[in-house]
Each structure stands twice: as C-alpha cells, then as structure tokens.
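[1] Coordinates only, no sequence provided:
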C-alpha cells in the first residue's frame with residue numbers, strides 16, 4: 001500500500017511478518033522531513049511489531065534526515081517497538097557509522113534480516 005499520496009517523497013508501506021516495512025525513495029532533507037515524520041509517527045503509533053526502513057532508494061540529504069531516523073527510533077522504543085534500517089545505500093551506512101547512530105539503530109541486512117549491529121542502551 002502506498003501511503004504518501006500528497007507528500008514530497010514516494011513511500012510504500014507493506015505488512016511483513018511481525019511488523020511493517022517502509023520503503024522511502026528520494027532525498028530525505030529539510031524539505032521532506034515533515035512528511036516523513038508524520039508518516040513514521042502514524043506507522044509507529046498505529047501498528048505493531050518491528051518497523052523495517054528500506055532506504056536503498058533514499059538519500060540522507062542533511063542532518064534533519066538523520067534526525068528523523070533518531071526521532072522515529074526513540075518513538076518506536078517508547079511504544080515498545082523496534083525500528084530497523086534495512087537495505088540502505090553505502091553512503092547512508094557511512095553516515096550512520098560516522099555519526100555513531102549505528103550503535104543505536106538496529107541495522108539488518110536485506111536478505112537474511114539478521115541483525116548486523118546489536119542495539120545498545
């Protein structure tokens with residue numbers, strides 16, 4: 001199901017075993033973050049299980065793009081859920097490592113969905 005009909009970025013959401021998968025395509029930056037934030041809040045607040053973020057088609061454009069991931073991660077934790085970044089670009093992986101966000105987010109490989117980095121408190 002496509003959720004973003006009016007938003008700035010193409011977003012697809014589908015149910016997967018035990019949660020939802022969110023695929024975002026395009027640039028996540030100061031211009032698109034409000035739409036992404038509203039979408040993620042809705043998914044986290046109304047769903048259950050893990051939220052799998054597919055970012056292979058997305059580009060983190062600035063610090064607000066990273067910030068919306070951190071905000072979604074924290075919101076998911078407060079709701080008793082887990083946010084996992086799945087299938088990201090090499091650049092996004094470097095950004096998460098450089099900002100040390102890879103220590104907070106659960107990163108999974110796209111094929112086996114096995115944790116790559118453990119969650120730390």
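    Cool, got the structure. No experiment lies behind these values; they were computed from the predicted model shown.

[2] make it CA atoms for all contacts and neighbour counts henceforth
    Noted.

[3] Check which helices and strands the helix ranked longest in the chain sits against.
    If you go by DSSP state H, the chain has its longest helix at helix 63-78. Contacts defined by 3 or more Cα pairs under 8 Å, 6 or more residues apart in numbering; DSSP states H and E place helix 63-78 against helix 33-46, strand 83-86.

[4] let's go with 6 Å and repeat that
    If you count contacts as 3 or more Cα pairs under 6 Å, 6 or more residues apart in numbering; DSSP states H and E, helix 63-78 packs onto no helix or strand.

[5] contacts for that helix?
    Residues from elsewhere that reach helix 63-78, judged by Cα atoms under 6 Å, 6 or more residues apart in numbering: 28, 29, 30, 44, 82, 83.

[6] And that helix, what's buried?
    64, 65, 66, 68, 69, 70, 72, 73, 74, 75, 76 (16 or more other Cα atoms under 10 Å).

[7] Stretch 48-68 now?
    The neighbour-count check on stretch 48-68 (16+ other Cα under 10 Å) flags 48-56, 58-61, 64-66, 68 as buried.
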